[in-house]
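> After the sequence you'll find the predicted model.
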Amino acid sequence: MSNIKDYILSFITLDNNLLGSISEEEAQRKDIQPGVGPEVGKLLGLLIRLIDAKSVLEFGSCIGYSTIWIAEALKETCGELLSIEYNENILTEAKKNVELAGLDQVVNFRLGDASEIIKSLSGPYDLIIQDCDKALYPEMLEECIRLTRLNGIIIADDTLFKAMGIPDKFSRPVDEYNHKVFSDDRLYSTILPIGDGITISIKIKE
């Protein structure tokens with residue numbers, strides 16, 4: 001499997017020069033979760049360009065790695081990103097990195113609890129990325145579906161935790177999330193084995 005990953009990575013170029021240094025910083029720190037990785041980042045950029053997304057919602061910006069991948073794509077589609085982050089210090093770092101990447105005009109940040117903020121949003125969004133507290137994935141799904149436009153996309157990161165043997169505290173809610181999206185007839189879903197797993201759902205009906 002590592003040979004396959006290495007082969008894929010040999011083709012992937014970074015959409016912004018700052019992404020490499022952010023990835024290196026994430027690998028050295030213990031106070032933050034690792035970013036989505038270049039394979040997932042590239043996929044996010046591809047999907048945003050594919051559907052010509054104008055409005056994207058991200059839950060969990062961390063220090064801005066995924067945010068920059070998303071914003072680079074939205075710069076080309078003339079779209080905007082709303083990124084929600086719970087930790088104030090982490091959000092400050094994300095804002096700084098996005099500014100250094102030259103993308104601050106594309107990204108709007110909000111500080112707070114994703115499960116509360118989502119209730120105040122009206123949408124619709126072309127694409128929603130779920131990468132906040134794993135325990136919130138199942139709880140927030142219905143609101144994510146509400147906010148996604150017809151034929152829009154909902155993406156959840158880290159969804160192969162159970163298959164990877166990650167402790168139940170983290171793997172159980174994402175496993176529950178997977179069961180929910182695959183059994184919901186409003187969604188057409190699949191899981192890709194890149195990064196720590198990414199579940200992609202298209203909203204096919206209201």
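On my side now, so go ahead.

> Is it correct that residue 144 is in contact with residue 130?
Yes - with contacts counted by CB atoms under 8 Å, residue 144 reaches residue 130, the gap being 6.5 Å. All C-beta atoms are positioned from the backbone trio N, CA, C, and that covers glycine.

> overlap in contacts of those two?
Common neighbours of residue 144 and residue 130, using CB atoms under 8 Å, 6 or more residues apart in numbering, are residue 154.

> Name every sheet partner of the biggest strand by length in the chain and say whether each one runs parallel or antiparallel.
If you go by DSSP state E, the chain has its longest strand at strand 148-157. Paired neighbours of strand 148-157 in the sheet (DSSP bridges): strand 125-130 (parallel), strand 198-203 (antiparallel).

> What mean pLDDT does it get?
On average, the pLDDT along strand 148-157 is 98.

> what do you get for stretch 128-137?
Averaging pLDDT along stretch 128-137 yields 96.

> And the contacts of that stretch?
36, 44, 56-60, 62, 66, 70, 84, 86, 114-115, 140, 144, 147-148, 152-158, 161, 170, 173-174, 176-177.

> Helices - which of those residues land there?
44, 66, 70, 114-115, 140, 144, 147, 170, 173-174, 176-177 (DSSP state H).

> Roughly how far does residue 146 sit from residue 25?
The gap separating residue 146 from residue 25 is 35 Å, by CB to CB, to the nearest Å.

> and residue 23, that's in a helix?
Yes - under DSSP: H, G, I helix; E, B strand; the rest coil, residue 23 sits within a helix.

> Who does the residue positioned nearest the centre of the chain form a beta bridge with?
Centroid-nearest residue in the chain: residue 129, 3.6 Å away (criterion: CA atoms, centre = their mean). Residue 129 has these beta-bridge partners by DSSP bridges: residue 58, residue 155.

> rewinding a little: any idea which of the ones in helices among the contacts of stretch 128-137 is closest to residue 104?
residue 70 (13.4 Å; CB to CB).

> The closest one against residue 45, yeah?
Yes - if you go by CB under 8 Å, residue 70 and residue 45 touch, sitting 7.4 Å apart.

> These two: who's more crowded?
Legend: neighbour count by other CB atoms under 10 Å for residue 70 and residue 45, higher for residue 70 (31 against 19).

> Lowest-scoring secondary structure element of the protein by mean pLDDT?
Least confident helix or strand of the chain, by mean pLDDT, DSSP states H and E, is helix 2-9 with a mean of 88.

> Packing partners of it?
helix 37-50 (3 or more CB pairs under 8 Å, 6 or more residues apart in numbering; DSSP states H and E).
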